[in-house]
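Mind folding the following:
(2 chains)
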Amino acid sequence: MKTRKIVILIILIIILGLNQTRAETQEDSTQIKLQELKDRLDGINENMATLNSDVAILKWVKISGYIQARYEYNDSSQNGIAGGNDVSKNLNANNFYIRRGRIKFSVQPGASSKYVIYFDASKNSISMKEAYVELYKTIQAHNLTLTVGQFNWPFGYEIEYSSSKRDFPERSVAENSLFPGERDRGVNFTWALPKYLQFNVGAFQGYGIQNSNFSWVDPTKPKDVIARAKAKLGMVDFGVSGYWGKTYIPGSAAVSGVTTWYDKDGDKMIDTNEVKTTAPKAAVPAVEKDKIRYGADAQVYLDFLPLGGTGIRGELYSAKDYNKTAKDSLAKEMGWYLWLSQNIYTKFGAAVRYDYWDPNTDSNVKNDATGTLSLALHYFWDSNVRITAAYDIPHKLKENSIFSKYSGDIKDNRFTLQFQFMF
Amino acid sequence: MKKLHTNQIRLVVLTILVLSLVTCFPVYAGKSITIKGSDTMLILGQRWAEVYMNQNPGVVIQVTGGGSGVGIAALINGGTEICQASRPMKSSEVDKLKERFNSTGIEIPVARDGLSLYLNEENKISELTLDQLKGIYTGQITNWKEVGGDDAKIVLYGRENSSGTYVYFKDNVLKGADFSAQTQTLPGTGAIVNAISKDKDGIGYGGAAYAKGVKYCKVKKDAQTPGYEPTLENVKSGNYPISRYLFWYLRNKPTGGTKKLVDWVLSEQGQQIVNKVGYFPVK
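You can find the predicted model right below:
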């Protein structure tokens, strides 16, 4: 009996021992599995950290752009080309084309600097519109920005106003005449006060990105200077701008008179009508002339119609430039526009603009001013697409009038239908 | 022939104008109102919408987050009627609104918020000055012992840069300086609070509405002044140094159903909901 009890006890101890061993084994196994899971989690965390770092770099990069696909119909269009052979002068202005195909890359790793490069693919060419570096500094809520490279001239309202937002297909005639291409190479310093005011001052090459004579070099040592002051008072914004620079007009070398003859009738005699003499030309010296522009602009935003916001914008340009007709003096130029824009709820918009430009205000130079009435309607298809129908009615103006049509004005009204995608 | 073409074009323009006017009206006949923007204000916006829709059957209000920057962008591109923002609109954003909608926007303060600093309950630290906070978040102060705490590395939590809370903190606490590269960005104040509750060395910032499971860090204007928590009294009195307004932005003066909603949000009942959610009323 006693022996049996001892045997049972031993068996129980063995069973308990085995269970203990099994439990320990299971515990060890669980520990190993936990460790494995922890290792895996650590691995995922490390991968996540790397991924976050990579994604953070992607966040530095911002890509934006827009395309304007357009059809234009012009009253002055004719079939063919000038003289039937000059392919550079197409008489037909009714075309489908890409007016602007823009893409901009900005890289901003932090709040202190930014890189921008901006391309345009339009009509049949690709060009670089902008490339610049911006440095930022904030001192007691005053924001300071230094921009170096190729970018917009900091003059007036129209230049900085994106073509993707403008109601009309093109900027005013005055702006296109005085600031072709809207951009130049230089440096610009911006000082934005905590409220209301902003000042700009910059130095530029002066010839812009569209000049074919001086595509990137400046023939004059001093740089052109631009200054602008802008006030934002909520409903009313206004600004004044000044541009002081030089225009260099290349001269030409002297040309000797040349006498040539050709015995047309083959009588071995040089007759008078077989001799040709070209007159000698004196050397034309290069000249350097002042290039001065002043501008004033104002914008008013009203919220009194239930349809939506109303914007009234106006700008005045006054300039002095090399006078092609009287080379010893400077031509005074004058231009302005008045632009009314109305939103019609969120899906539609309408606008009207009158745009005046006189390339020479001298009272002796008559019938050279133009006045263009432009109308535009927009339909916002979605948040990216705007469809615009615009109609421009340009007139050559009588003498020094600002509205009366000159009798020699030609029919050259233009209708534009434009589809724009912006992102 | 030329005359005919011109007339055709005029006809096309006129047709577009008429169609435009005819088709745009039904868009505004509906009672659906969209609200988008600040994640900080998301719960507040949802509460307002729930109560208002219960009281006004037939009105549909859709409230979504994404951050103040996202909401303002939606307001500018026509994607929302009302934008919730925990920061004022930037000058550059107002410029975009002017370009697209000929409007400077309508700013309506709808609540006040004390921007709260959160610490883990086990953290010895209970108060910090604005300068210390700036030092911590710009990476100049990296160990709790530098501000009187344990010898432990400070773990920074913050919001993504599309968040108004991020912008407000950067402008008002960091004074425009960059956040430390070590700051871990999380997609909402709730996520920040959750992370800090599990991380005894963590510090984070966000709206008062989410302060659960962690403790507030009192904030001092400078070393000489006492520290304050973001309570109603301290925010109202101006003692709490980092309080802000929470805004609704609209493109134009509200009319119709939108005006009724705005008026209700600013009414006693609407402002009671502000209190219930954990913010402070503007009236």
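
contacts and neighbour counts: CA atoms only from here.
Noted.

so A:A389 bridges to which residues?
Per DSSP bridges, the residues bridged to A:A389 are A:L377, A:L417.

What number of residues are in the vicinity of it?
With neighbours defined by other CA atoms under 10 Å in any protein chain shown, the count for A:A389 comes to 25.

pretty sure it is touching A:R414, no?
No: using CA atoms under 8 Å, A:A389 is not in contact with A:R414; the gap is 10.7 Å.

per-domain residue ranges of chain B.
B:33-111+B:245-277, B:116-241 (automatic domain parsing).

Select, out of those, the one closest to chain A.
Taking CA to the nearest CA, domain B:33-111+B:245-277 is the member of the domains of chain B nearest to chain A, at 4.8 Å.

Checking stretch B:244-263 against chain A, do any of its residues make contact.
Yes: against chain A, stretch B:244-263 shows contacts by CA under 8 Å from any CA of the partner chain at B:252-253, B:255.

and the end-to-end length of that stretch?
21 Å (CA to CA, to the nearest Å).

For it, buried residues please.
Applying a neighbour-count criterion of 16 or more other CA atoms under 10 Å in any protein chain shown, the buried positions in stretch B:244-263 are B:244-254, B:257-258, B:261-262.

Most widely separated two among those?
Spatial extent of the buried residues of stretch B:244-263 (CA to CA) is set by the pair B:R244 and B:G257 at 27.7 Å.

Quick check: the gap between A:D355 and A:N413.
Taken as CA to CA, the span from A:D355 to A:N413 is 14 Å.

Neighbour count: the two, which is higher?
Neighbour tally, A:D355 and A:N413, criterion other CA under 10 Å: the higher count belongs to A:D355, 22 against 18.

who's in contact with that one?
A:172-173, A:335-338, A:371-373 (CA atoms under 8 Å, 6 or more residues apart in numbering or on different chains).

Redo those residues as CSV? Include secondary structure and pLDDT.
Listed next are those as CSV, based on DSSP: H, G, I helix; E, B strand; the rest coil; pLDDT from 0 to 100:
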residue, secondary structure, pLDDT
A:S172, coil, 98
A:V173, helix, 97
A:G335, strand, 97
A:W336, strand, 98
A:Y337, strand, 98
A:L338, strand, 98
A:G371, strand, 96
A:T372, strand, 97
A:L373, strand, 97
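
which pair in the residues you listed spans the largest distance?
By the measure CA to CA, A:G335 and A:L373 form the most distant pair in those, at 13.9 Å.

Now do the helices in chain B.
B:2-27, B:42-55, B:68-76, B:91-101, B:130-138, B:164-172, B:189-197, B:232-237, B:256-265, B:268-277 (DSSP state H).

ok, back up a step: which one's more surrounded, A:G335 and A:L373?
Neighbour comparison, A:G335 and A:L373: the larger count goes to A:G335, with 25 against 19 (by other CA under 10 Å).

Check the spacing between the more buried one and A:Q20 real quick.
A:G335 sits 99 Å away from A:Q20, going by CA to CA.

mind saving the C-alpha coords of stretch B:178-194 as PDB?
Taking Å, rounded to 0.1, in the frame of the first residue of the first chain, the C-alpha atoms of stretch B:178-194 are listed here in PDB:
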ATOM      1  CA  ASP B 178      11.900  76.400 -39.000                       C
ATOM      2  CA  PHE B 179      10.800  73.400 -37.000                       C
ATOM      3  CA  SER B 180      13.500  71.000 -35.900                       C
ATOM      4  CA  ALA B 181      14.000  68.200 -38.500                       C
ATOM      5  CA  GLN B 182      13.400  65.800 -35.600                       C
ATOM      6  CA  THR B 183       9.700  66.800 -35.300                       C
ATOM      7  CA  GLN B 184       7.500  63.900 -36.100                       C
ATOM      8  CA  THR B 185       4.500  65.100 -38.000                       C
ATOM      9  CA  LEU B 186       1.100  63.500 -37.300                       C
ATOM     10  CA  PRO B 187      -2.200  63.900 -39.200                       C
ATOM     11  CA  GLY B 188      -4.300  65.500 -36.400                       C
ATOM     12  CA  THR B 189      -4.200  66.800 -32.900                       C
ATOM     13  CA  GLY B 190      -5.900  63.500 -31.800                       C
ATOM     14  CA  ALA B 191      -3.000  61.500 -33.100                       C
ATOM     15  CA  ILE B 192      -0.500  63.800 -31.300                       C
ATOM     16  CA  VAL B 193      -2.300  63.400 -27.900                       C
ATOM     17  CA  ASN B 194      -2.400  59.600 -28.500                       C
END
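
residues of that stretch that come out buried?
B:178-180, B:183-194.

what sits up against it?
A:110-111, B:39-40, B:118, B:137-139, B:155-160, B:170, B:204-207, B:210-214.

Mind checking which of the residues you listed are buried?
B:39-40, B:118, B:137-139, B:155-159, B:170, B:204-207, B:210-211, B:214.

Now, the residues you listed that are in strands?
Those of those mapping onto strands are B:118, B:155-159, B:204-206, per DSSP state E.

Cool, thanks, talk later.
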